[in-house]
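Asker: For reference, the sequence and a predicted model appear below.
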Amino acid sequence: MSGAEEPGAMMTLRVASRRQIAHDIVLFDLVPSAGADLLPAFEAGAHVVVMTPVGLTRRYSLCNAPGERHRYQVAVKREAQGLGGSRSLVDRVQVGDLLPVGAPENFFPLDAHAQRFLFIAGGIGITPIVAMVHALKGGPRPFELVYCARSPETTAFADELRAPAVAPHCRLHHDLGDPARAFDFASLLAEPAPGTHLYCCGPVPLMQSVRALSRHWPAGSVHFEDFGAGPVAAPQAPSPVQGFTVRLARSGLEVPVAAGTSILQALRDRGLPAPSSCESGTCGACRTTVLDGIPEHRDYVLDEDATDEIMICVSRARSPRLVLDL
Ligand code: FES
């Protein structure tokens, strides 16, 4: 899965192979181009930023087994309606080509203390989760995967998921585009087993549904990766308040937040640094205490009726003013 990203320092990697693994999805093997034998290590859930041939950067999950240092594998879905980044990779990049690639980052790591895992993937959202499956298979911590795709033709990594060590833990679900065939997540999520952590990656409607159905799970046990897919519609009715003001309690500064600008960006525009990482409402790095006002949550971390905290990278205000503990 991919999302736009600011480029940082980049390595130059060579395309060692490319292979179509589903309709409109190509798996690339990227290896050191010269001078280095090993790539920076990564853990399951990590992604890299890739500079595409049209000059747009995109984030792609690393799909191969964590621990492999000789290559990175990324699966790219050709987004026909996108801005052209993924399309240019699929249509133009061939074996032997060189690509600028950033160092791995991980906003979606496996919880070290989880006793078992439940994975829910939709479409190309399987990419971070297939690395998690690689990391856990044959190990002591059990896992279960539900992977929803439209059809067998759009199911990526089908061979890996049907391997004997993995298949007993996987359910591949094909809805054939028929809402009546949608997977029954309500039953799956009704009773969380103790010690289970839930990881979900896929289209925004899938993640919203899973988020709504897992609200009763223990705090900190539900994790999402959305690759900056854009503002997540709040489950409740959208706020009529477009622009609003944040007051920074420690300095008394008032900062207007215009419609279409995040609180985080408004602060940056005033030269005020604030912690952040994913900037898509999934990692929790920008969690900020709300002292007054009503937040409108658009993230995947906080409960929708939380009143005392906000993720300032994506969430907004339902009141004309928020007072933040900044
Ligand atoms: S920076 Fe990750 S949730 Fe805001």
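Answerer: Good, I have the coordinates. None of the values given here were measured: they were computed from a predicted structure. Numbering: from 1, shown residues only.
Asker: Give me the mean pLDDT for the longest strand seen in the chain.
Answerer: For the chain, the strand that runs over the most residues, judged by DSSP state E, is strand 10-22. On average, the pLDDT along strand 10-22 is 96.
Asker: And stretch 141-158, by the same measure?
Answerer: 96.
Asker: hey, where'd the helices end up in the chain?
Answerer: Along the chain, the stretches classed as helices by DSSP state H are 85-92, 126-136, 158-161, 185-189, 204-213, 263-269.
Asker: need the least confident one among those helices, by mean pLDDT.
Answerer: Least confident of these, judged by mean pLDDT, is helix 204-213 with a mean of 90.
Asker: how much space between residue 316 and residue 280?
Answerer: Distance, residue 316 to residue 280, using CB to CB, to the nearest Å: 14 Å. Just so you know, the C-beta spots here come from the backbone N, C-alpha and C atoms, and that holds for glycine as well.
Asker: ugh, typo on my part, it should be residue 213
Answerer: Distance check for residue 213 against residue 280: by CB to CB, it reads 21 Å.
Asker: Between those two, tell me which one has more neighbours.
Answerer: residue 280 (26 against 17; other CB atoms under 10 Å).
Asker: my read: that one touches residue 224, true?
Answerer: No - if you go by CB atoms under 8 Å, residue 280 and residue 224 don't touch, sitting 9.2 Å apart.
Asker: do you know which of the helices of the chain lies nearest residue 100?
Answerer: With CB to CB as the criterion, residue 100 lies closest to helix 85-92 of the helices of the chain, at 12.1 Å.
Asker: so where's the stretch 201-326 of the chain uncertain?
Answerer: Applying pLDDT under 70 to the stretch 201-326 of the chain flags residues 228-241.
Asker: Contact residues of it facing the ligand?
Answerer: With the criterion set to CB under 6 Å from any ligand atom, the stretch 201-326 of the chain comes near the ligand through 276-279, 281-286, 299, 301, 311, 313.
Asker: Select only the buried ones of those residues in PyMOL?
Answerer: If you want just the buried ones from those in PyMOL, going by 16 or more other CB atoms under 10 Å, the selection is:
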select buried, resi 276+278+279+281+282+283+284+286+299+301+311+313
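Asker: Which ones among the residues of the stretch 201-326 of the chain next to the ligand lie within strands?
Answerer: Those of those lying in strands (DSSP E): residue 311.
Asker: In JSON lines: the residues of the stretch 201-326 of the chain next to the ligand, plus distance to residue 206.
Answerer: Shown next, in JSON lines, are these (distance: CB to CB, whole Å):
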{"residue": "276", "distance to residue 206": "25"}
{"residue": "277", "distance to residue 206": "23"}
{"residue": "278", "distance to residue 206": "18"}
{"residue": "279", "distance to residue 206": "21"}
{"residue": "281", "distance to residue 206": "15"}
{"residue": "282", "distance to residue 206": "14"}
{"residue": "283", "distance to residue 206": "19"}
{"residue": "284", "distance to residue 206": "21"}
{"residue": "285", "distance to residue 206": "24"}
{"residue": "286", "distance to residue 206": "24"}
{"residue": "299", "distance to residue 206": "16"}
{"residue": "301", "distance to residue 206": "17"}
{"residue": "311", "distance to residue 206": "20"}
{"residue": "313", "distance to residue 206": "21"}
